[in-house]
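Visitor: requesting a structural model of the entry that follows:
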Amino acid sequence: MLAAVGAICFSGKAIVAKLMYREGLDAVSVIALRMLVALPFFMAMAWWSMRAASSPPKLARADWLKLAGLGLIGYYVSSMLDFLGLQYISAGLERLILFLTPSIVLLMSVALLKRRVTSREWTSLAVAYSGIVLVFWHDVHLGGRVVWLGAGLVFASAVTYAVYLLGSGELVKRLGSLRLVALAMIVASLACIAQYALLRPLGSLVVQTPTVWVLALINGTLCTVVPVLMTMMAVERIGAGNAAQAGMIGPVSTLFLGFWLLSEPITLLQLAGTALVLAGMFILSLKKPLQGDS
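Guide: Below you'll find the model as predicted:
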């Protein structure tokens, strides 16, 4: 339940962002407001993670540099590309592309770490990416050339987050997932706010309509902080693999939330593509190899 609700809350980020775009904001403003709201919570999480640890490891200068780099690539750059892409594509397609992140990690492992890919993993990639092609083809016919731009930006977001996942392995073992995520999100939050300050007067960020502030509070808490905590609680109880499988409800919830709140159409082609992506990621998450795997 924790993993499923967390996935639904996190998937709502795309819906809230699109509603904020309708209020006249751009991606820079949306992400700055999101991080401004979330920053105090992640500072509290970092403090709590250190307080709860019996002997929290001290971070050397090299650790801080690596942590800053991970926070910038995994949460600042990745989020910025995601929010930029959301201006051009549907929330449903955005969530499906981001859902491919485990497959991108797998392909990076093959290219960089010379990891061998099993037949089960090749099958999962073929099924999942055929689903993306279906949904993408559907959206191109509705949205035209800008869908290419939006999908490319969101896919780049998934790639940068995959880089974060690959690079965070050593630190997450030393710091724990809660402390690492909290510190990385603090770095990203400060970067997003600094970006806004460089591009326009910082004081204008807080001068928003009540509707925008309500959406920003939902985005920063219910769609950012809450799903992080719920997912970690789920992983602690049932393990990362089971939590990931329960989280597969995320793309489906985005599809129906987009239909309900954004009037985005739902077609049989979209449903078929979504089913293929979910099936591919489910196959990838299976612990038991398919017949023929070694």
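Visitor: and the gap between Asp57 and Arg174?
Guide: I think there's a mix-up here, since residue 57 is Pro and not Asp. Remark: distance between Pro57 and Arg174 (Cβ to Cβ, to the nearest Å) = 5 Å. Placement of C-beta: from N, CA and C, glycine included.
Visitor: actually Pro102, sorry about that
Guide: For Pro102 relative to Arg174 (Cβ to Cβ), the value is 23 Å.
Visitor: so for the two, which sits in the more crowded spot?
Guide: When Pro102 and Arg174 are compared for neighbours, Pro102 comes out ahead with 18 against 12, by other Cβ atoms under 10 Å.
Visitor: can you pull up the most central residue in the protein?
Guide: When Cα atoms, centre = their mean is applied to the chain, the residue found nearest the centroid is Leu98 (6.3 Å).
Visitor: ok, the closest residue in space to it that isn't next to it in sequence - contacts?
Guide: Spatial nearest neighbour of Leu98, excluding adjacent residues (Cβ to Cβ, 6 or more residues apart in numbering): Ala158 at 5.3 Å. Each residue near Ala158 by Cβ atoms under 8 Å, 6 or more residues apart in numbering is listed here: 78, 97-98, 100-101, 104.
Visitor: can you list these in TSV and add distance to Cys192, pLDDT and secondary structure?
Guide: Shown next, in TSV, are those (distance: Cβ to Cβ, whole Å; pLDDT from 0 to 100; DSSP: H, G, I helix; E, B strand; the rest coil):
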residue	distance to Cys192	pLDDT	secondary structure
Ser78	11	95	helix
Ile97	21	94	helix
Leu98	18	92	helix
Leu100	24	91	coil
Thr101	20	90	helix
Ile104	23	92	helix
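Visitor: which one (most neighbours) among these?
Guide: In terms of neighbour count, Ile97 stands highest of those at 27 neighbours, by other Cβ under 10 Å.
Visitor: looking at it, that one is touching Phe155, isn't it?
Guide: Yes - with contacts counted by Cβ atoms under 8 Å, Ile97 reaches Phe155, the gap being 5.4 Å.
Visitor: where does the residue nearest to Leu98 land on pLDDT?
Guide: pLDDT for Ala158: 94.
Visitor: now it: which helix or strand?
Guide: According to DSSP states H and E, Ala158 maps onto helix 146-167.
Visitor: okay, that helix in CSV with CA atoms only?
Guide: Provided in CSV are the C-alpha atoms of helix 146-167 (Å, rounded to 0.1, in the frame of the first residue of the first chain):
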residue,chain,number,x,y,z
VAL,A,146,6.7,19.4,-30.5
VAL,A,147,6.1,15.9,-29.1
TRP,A,148,9.6,14.9,-30.4
LEU,A,149,11.1,17.7,-28.5
GLY,A,150,9.2,17.0,-25.3
ALA,A,151,9.8,13.2,-25.4
GLY,A,152,13.5,13.9,-26.1
LEU,A,153,13.8,16.2,-23.0
VAL,A,154,12.0,13.7,-20.8
PHE,A,155,14.1,10.8,-22.0
ALA,A,156,17.2,12.9,-21.3
SER,A,157,15.8,13.4,-17.8
ALA,A,158,15.5,9.6,-17.4
VAL,A,159,19.1,9.2,-18.6
THR,A,160,20.5,11.7,-16.1
TYR,A,161,18.5,10.1,-13.3
ALA,A,162,20.0,6.7,-14.3
VAL,A,163,23.4,8.3,-14.1
TYR,A,164,22.6,9.3,-10.5
LEU,A,165,21.4,5.8,-9.6
LEU,A,166,24.6,4.3,-11.0
GLY,A,167,26.8,6.8,-9.3
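Visitor: which element follows it toward the C-terminus?
Guide: Next helix or strand after helix 146-167 toward the C-terminus (DSSP H and E): helix 169-175.
Visitor: show me the strands in the stretch 1-150 of the chain, by range?
Guide: Counting by DSSP state E, counting those that start in this stretch, the stretch 1-150 of the chain forms no strands at all.
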